[in-house]
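Visitor: Using only what follows, build the 3D model:
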Amino acid sequence: MAGPLSGEELGKIDAYWRAANYLSVGQIYLKDNPLLERPLTREDIKPRLLGHFGTTPGLNFIYVHLNRIIRNHRANMMYLIGPGHGAPGIIANTFLEGSYTELYPNIERNRDGMKRLFRQFSWPYGVPSHDAPEVPGSISEGGELGYSLLHAYGAVLDNPDLIVPCVVGDGEAETGALAASWHSNKFINPITDGAVLPILHLNGYKIANPTVLARIDPDELESLFKGYGYKPYVLEGDDPKDMHQRMAEVLDTLYAEIQRIQRHAREK
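Guide: Next up, the predicted model:
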């Protein structure tokens, strides 16, 4: 498919994304049989399930594409997520990249380590269902009633080389704290501060029911964010290979635009 990704790069990104998705599903559902080496039984499944897979593939998708930007441009980035029950995805990615095992050597990168990784999630004496402080590099516990964007803008103040992509979930977008945080762009100085890249992750639902921003007319939603002072880019679809190419193209465009704005401000 046409796009910035070569066939090899597309294959690797898609394989990484699928691996992260599998590790995420395993944390939510499995307490045994992590590699499905035998037929799945009821005894393999946790009796109480916490964590939302609905938001997780999107978080994993964004994670791997941001890694591409970091590798290609040696960009200084920090990924900040708001959807609280997306923790399985972030834990999965830190496990894949090795930082989770560095911090917790008992969670080895093998079958036994995967079993412990799966079993500990939302389990007695294990780890919480949110992005708690136990997650390597965590500065924001997802689901904190909408503080993710505020934390993102705070992180880039007086930090001119930092870019913070911040994922905002449907549900938290309806909170007062998050709704007010969209205006934090008014406080950013492109000369002395870094840049925040807000990503509104509209999968359509919060814990109990549909969300407002996912139900209003797309033109109205775009006008809302233009009024906030942003230039919206819309990305939606259901073909993974096409979405990988389109996401890579959008992020290349956004990264170049951030660099252009900062360069123009700093060269005056």
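
Visitor: residue ranges for the helices of this structure, please.
Guide: Listed in chain order, the helices of the chain (DSSP state H) span 7-29, 56-73, 87-97, 99-103, 111-120, 148-156, 170-173, 176-181, 218-228, 240-266.

Visitor: out of the ones you listed, nearest to residue 200?
Guide: Closest approach to residue 200 among the helices of the chain (CB to CB): helix 170-173, 6.5 Å. C-beta coordinates here come from the backbone N, C-alpha and C atoms, glycine included.

Visitor: List the buried residues for that closest one?
Guide: If you call a residue buried by 16 or more other CB atoms under 10 Å, then helix 170-173 has these buried ones: 170, 171, 172, 173.

Visitor: for those, which one is nearest residue 140?
Guide: Of all the buried residues of helix 170-173, residue 172 has the smallest distance to residue 140: 11.1 Å, by CB to CB.

Visitor: wait, residue 188 sits on residue 152?
Guide: No. Residue 188 is beyond contact range of residue 152, at 10.6 Å (criterion: CB atoms under 8 Å).

Visitor: anything in contact with each of these two?
Guide: Shared contacts of residue 188 and residue 152, defined by CB atoms under 8 Å, 6 or more residues apart in numbering, are found at residue 196.

Visitor: When the two are compared, which one has more neighbours?
Guide: Counted by other CB atoms under 10 Å, residue 188 and residue 152 do not tie: residue 152 has more neighbours, with 30 against 15.

Visitor: is the closest residue to the more buried one other than its chain neighbours in a bridge, and if so with what?
Guide: Sequence neighbours aside, residue 166 is the residue nearest to residue 152 in space, at 3.8 Å (criterion: CB to CB, 6 or more residues apart in numbering). Beta-bridge partners recorded for residue 166 (DSSP bridges): residue 80, residue 198.

Visitor: can you pull the contacts of residue 166?
Guide: If you count contacts by CB under 8 Å, 6+ apart, residue 166 has them with 80, 81, 82, 148, 149, 151, 152, 196, 197, 198, 199.

Visitor: burial measure for the first one, as a count.
Guide: Looking back up the chat, that one is residue 80. Neighbour count for residue 80, taken as other CB under 10 Å: 26.

Visitor: The second one now?
Guide: Residues near residue 81, counting by other CB under 10 Å, number 28.

Visitor: Any stretches of this structure with poor pLDDT?
Guide: 1, 142-144 (pLDDT under 70).
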